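Asker: next comes the sequence, and after it the predicted model I'd like to discuss.
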Amino acid sequence: MAPPSADQPLQQRLIALASSLQFAWFSGHVVLLLTSLRYLFSYITLNYYSRWAQFSYRTAFVAAAVTYGIVVFKAFRAKQKSGKGMGSPMQMATDENVQYLVMALVWLFTRQTPLALLPFAVYSIFHVLTYTRGMLLPTIQPPPPTPAGQKPKSSALSDSIGGFVKNYYDASMSLVAGLEIALWFRILGAAVLMQKTSWIKLIIYTVFLRARISQSTFVQGMLHQLGARGDTLAQRQDVPPAVRSGWESFKGVAKQAHDSTDINRYVQGQQTAAPKKAQ
């Protein structure tokens, strides 16, 4: 979607922008960021079960569900217009927007897990910045006409936002990958302590994280880093042989679990098994 025409008055441009579904998506990310900051304040002051904290936490995940729901809806509508369906449930499960929508609903309706907010908040920062640079700023202050063959001029604020996104995107996505892996161990600990709904969350989140491992190079890179650090520690001279052997066994079990739960095999298998039309 392009910004509204610069020939229109500012009020009409803002109305046209605000009436779009994409603006609702942008607003959802803004709400998610604001409520995450409010919840962070409550968490720092140890008031994470106060009314404001609970309201902020739940509202943040309502906003997350809305934003990812909008993306899934737009993808569904686009496929309908092109005459294509959404595919089988297994194929839909490979869509990362569907995955994050499901997880947003899980966090919304289960016990508070503060760490779960952080990956959504980091994503929202970049979504808000990208929308502001690409849509909001050109709507408020359209760039001057550009002579043919020249690159359109952008404002200093737009250039600053673009530079920030370019410089910090990869590092932030690696941070998200680390948070998502750490979150699995957080849920595992809760399950060991038999906290309410923790085993259900562990099963669902394990499926989610397995999908992220297949689809995200950042998650793959973070796992490789963790594996390399584990190998380095296991090879130290002061490490008991039992610990070294346990680490090797853990890696073997993890690899076997990884290979046996590759969802792409099942999706490709369904596509291969689809009946062909008679010639």
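Answerer: That came in fine, so what should we check first?
Asker: now do the longest helix along the chain: which elements does it pack against?
Answerer: The single longest helix within the chain, with elements called by DSSP state H, is helix 156-192. Using 3 or more Cβ pairs under 8 Å, 6 or more residues apart in numbering; DSSP states H and E as the contact criterion, the neighbours of helix 156-192 among helices and strands are helix 117-131, helix 198-215, helix 217-234. Using the backbone N, CA and C atoms, a C-beta is placed for each residue, glycine as well.
Asker: in the second one, what counts as buried?
Answerer: Just to be clear, that refers to helix 198-215. When neighbours are counted by 16 or more other Cβ atoms under 10 Å, the buried residues of helix 198-215 are found to be 198, 201-202, 204-205, 207-213, 215.
Asker: could I get those in CSV, plus columns for distance to L46 and pLDDT?
Answerer: As requested, the buried residues of helix 198-215 are exported to CSV (distance: Cβ to Cβ, whole Å; pLDDT from 0 to 100):
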residue, distance to L46, pLDDT
S198, 22, 87
K201, 23, 92
L202, 26, 92
I204, 28, 93
Y205, 26, 94
V207, 33, 91
F208, 29, 93
L209, 29, 92
R210, 34, 91
A211, 35, 90
R212, 31, 91
I213, 34, 90
Q215, 37, 88
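Asker: would you list these in TSV and tack on distance to G221?
Answerer: Putting these into TSV (distance: Cβ to Cβ, whole Å) gives the following:
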residue	distance to G221
S198	28
K201	25
L202	24
I204	24
Y205	20
V207	21
F208	18
L209	15
R210	16
A211	16
R212	12
I213	11
Q215	13
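Asker: as CSV, the helices and strands packed on helix 156-192 with distance to Q12 would be great.
Answerer: Output for the helices and strands packed on helix 156-192, formatted as CSV (distance: least, Cβ to Cβ, whole Å):
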stretch, distance to Q12
helix 117-131, 20
helix 198-215, 41
helix 217-234, 41
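Asker: buried ones in stretch 111-122?
Answerer: Of the residues in stretch 111-122, those with enough neighbours to count as buried (16+ other Cβ under 10 Å) are 112-113, 116-122.
Asker: so which of the buried residues of helix 198-215 is the closest to S27?
Answerer: Nearest to S27 among the buried residues of helix 198-215, counting by Cβ to Cβ, is F208 at 25.5 Å.
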